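Undergrad: what follows is a predicted structure for the sequence shown.
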Amino acid sequence: MREVPAALRRPELAKCWTAIRRRLETNGGAITASPLRIDDATPAERDAIAGLLGTPRVAAGPIRVRVDHLDRALRSSAAGMGLVDVLTTLSGPLRDRRAERADNQAEKDGYWASARRHPLLNRWIEVGDWLDQARRSGVAARAAGDLSLGEVLRAVLDVLDRLPADGLPLARLAAEVTGDAHGLDRGRAVGSLTVNALSYLSDVPVPGSAASWRRLWESFGVVCDDLSCDVLVLNVRPLGSSLLARVARDHADAGEPLRLTLRQLVRSAGAVFGDECVSVCENPVVVAHVADTLGSGSAPLVCVDGIPNTAARRLLATITQSGAALRYHGDFDWGGLRIANIMVDQLGAIPWRMSVDDYRGALERAARPGVALGPRRVRAAWALELTDVMAREGIAIHEEQVLDDLTRDLTTPRSGPAELAE
């Protein structure tokens, strides 16, 4: 290839060559009649570009360059070569960014297609919906950063495939799936994207704090540590002389709520509870209100505070193994129905004030306009018509709106199984 004349190598032309290279690399190398705009040129650059084009100097404002005219001018000049050859000689071959984008897109399409073939999607259909959302929003690409998107997606799906777990330590899960005990930590690519998936699958906001991050993992049976994983109780009275039993009974005698850690529950394996029925609620505000209103006179109450975590599951399983029944009340919204399904289907609870009539009665007393229900419906396993009624009304009823009803139900320290669903 011929040498480019020194006049074309002037530094005052660098901005012009850069702009032209960007245009040609973007449009696949097409030399078109569409003018190219160059802004913020200095007087020296304006003189150099005018000389290159053989046109009068533009005194102010943007300079417009017809790339096709410049190509013809270069071919007929002393340079004797076209625009592409000049750019290649000056700073290397042109990139075909359009083809690169197509190749990159094809590669990304391959990653998503591979993710869609993961066996997990055969048993957890909602994960496919999350994949669609993660692709549309760009959250997966942002989380992966410079890492391979395909590898990150595969790791996330492998993690989800291990869930729900039963008290599995987060570091162990990370080591077994990613080969790095810190691979699921906050801020790490796989950890961040997995938490995004868990948030979507739970229909809750992406955690903004360490505490909410831990709670989300714990709701899927993954324990960040056995001290931060706990369950809130009121007037729960284990039998025996273990430390947990003594502490719980002391709090019950005082009518004060207590948080039992997973560590305490594990170390008190085999604890026995003598109650015929234990009530379970979704929100801590219920426990606070009942404690303030009834104190030690309340029937035993457990709060799962969202999706039951490992501590809550362990406690409730121990209670039922002791022969007690569970009754559950939660919010009348889609998240509340999702939690109630877990309580009924997985933990054997009986719905407590969770019927269609209960919803309608609370709705009649509720202040308006109320909180609107979102679009992601959840079918109530114990009352199939409840979902349709809620969707038609479009209003959520939270436990805070029926505190008096729940408190009245808890005024009797012992409730038999026949009274559970009332």
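TA: It's in. Numbers count the residues shown, from 1 in each chain.

Undergrad: OK, contacts around the residue nearest to residue 9 when sequence neighbours are not counted?
TA: Sequence neighbours aside, residue 90 is the residue nearest to residue 9 in space, at 6.9 Å (criterion: Cβ to Cβ, 6 or more residues apart in numbering). No exception for glycine: its C-beta is placed from N, CA and C like everyone else's. Contacts for residue 90 (Cβ atoms under 8 Å, 6 or more residues apart in numbering) come out as 4, 8-9, 17.

Undergrad: repeat that for 7 Å
TA: By Cβ atoms under 7 Å, 6 or more residues apart in numbering, the residues touching residue 90 are 4, 9, 17.

Undergrad: any idea how far residue 6 is from residue 79?
TA: Distance, residue 79 to residue 6, by Cβ to Cβ, to the nearest Å: 11 Å.

Undergrad: where does pLDDT dip in the chain?
TA: 1-2, 103, 412-422 (pLDDT under 70).

Undergrad: all strands of it, in order?
TA: Along the chain, counting by DSSP state E, strands occupy 35-38, 63-66, 168-169, 222-223, 230-234, 258-261, 277-281, 301-303, 325-329, 350-351, 371-372, 395-396.

Undergrad: nearest to residue 104, out of those strands?
TA: Taking Cβ to Cβ, strand 35-38 is the member of those nearest to residue 104, at 25.3 Å.

Undergrad: for the closest one, name the packing helices and strands.
TA: Contacts defined by 3 or more Cβ pairs under 7 Å, 6 or more residues apart in numbering; DSSP states H and E place strand 35-38 against helix 14-26, strand 63-66.

Undergrad: switch those over to JSON lines; also include distance to residue 321 and mean neighbour count.
TA: Formatted as JSON lines, the helices and strands packed on strand 35-38 follow (distance: least, Cβ to Cβ, whole Å; neighbours: other Cβ atoms under 10 Å):
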{"stretch": "helix 14-26", "distance to residue 321": "68", "mean neighbour count": "17"}
{"stretch": "strand 63-66", "distance to residue 321": "81", "mean neighbour count": "18"}
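
Undergrad: and of the ones you listed, who's closest to residue 348?
TA: Closest approach to residue 348 among these (Cβ to Cβ): helix 14-26, 62.4 Å.

Undergrad: quick one: the closest one to chain centroid distance?
TA: 41 Å (Cα atoms, centre = their mean, to the nearest Å).

Undergrad: what helices or strands is that helix leaning on?
TA: Under the contact criterion of 3+ Cβ pairs under 7 Å, 6+ apart, helix 14-26 touches strand 35-38, helix 43-53, helix 83-91, helix 97-116.

Undergrad: could you dump the ones you listed into TSV and include distance to residue 371?
TA: Below are the helices and strands packed on helix 14-26 laid out as TSV (distance: least, Cβ to Cβ, whole Å):
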stretch	distance to residue 371
strand 35-38	51
helix 43-53	61
helix 83-91	60
helix 97-116	35
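
Undergrad: about what we covered before: compare residue 79 and residue 6 (neighbour count), which wins?
TA: The neighbour count for residue 79 versus residue 6, taken as other Cβ atoms under 10 Å, is higher for residue 79 (19 against 7).

Undergrad: neighbours of the closest residue to the more buried one other than its chain neighbours, how many?
TA: Leaving aside its sequence neighbours, residue 79 sits nearest to residue 5 (Cβ to Cβ, 6+ apart; 5.4 Å). Neighbours of residue 5 under the rule other Cβ under 10 Å: 15.

Undergrad: again with residue 350
TA: Per other Cβ under 10 Å, the neighbour tally for residue 350 reads 17.

Undergrad: same check on residue 190?
TA: Going by other Cβ under 10 Å, the residues that sit close to residue 190 add up to 25.

Undergrad: now do the one 5 residues further on
TA: The criterion is other Cβ under 10 Å. On that basis, residue 195 has 20 neighbouring residues.

Undergrad: and what of residue 270?
TA: Neighbours of residue 270 (other Cβ under 10 Å): 9.

Undergrad: and the gap between it and residue 238?
TA: To residue 238, residue 270 is 10 Å away according to Cβ to Cβ.
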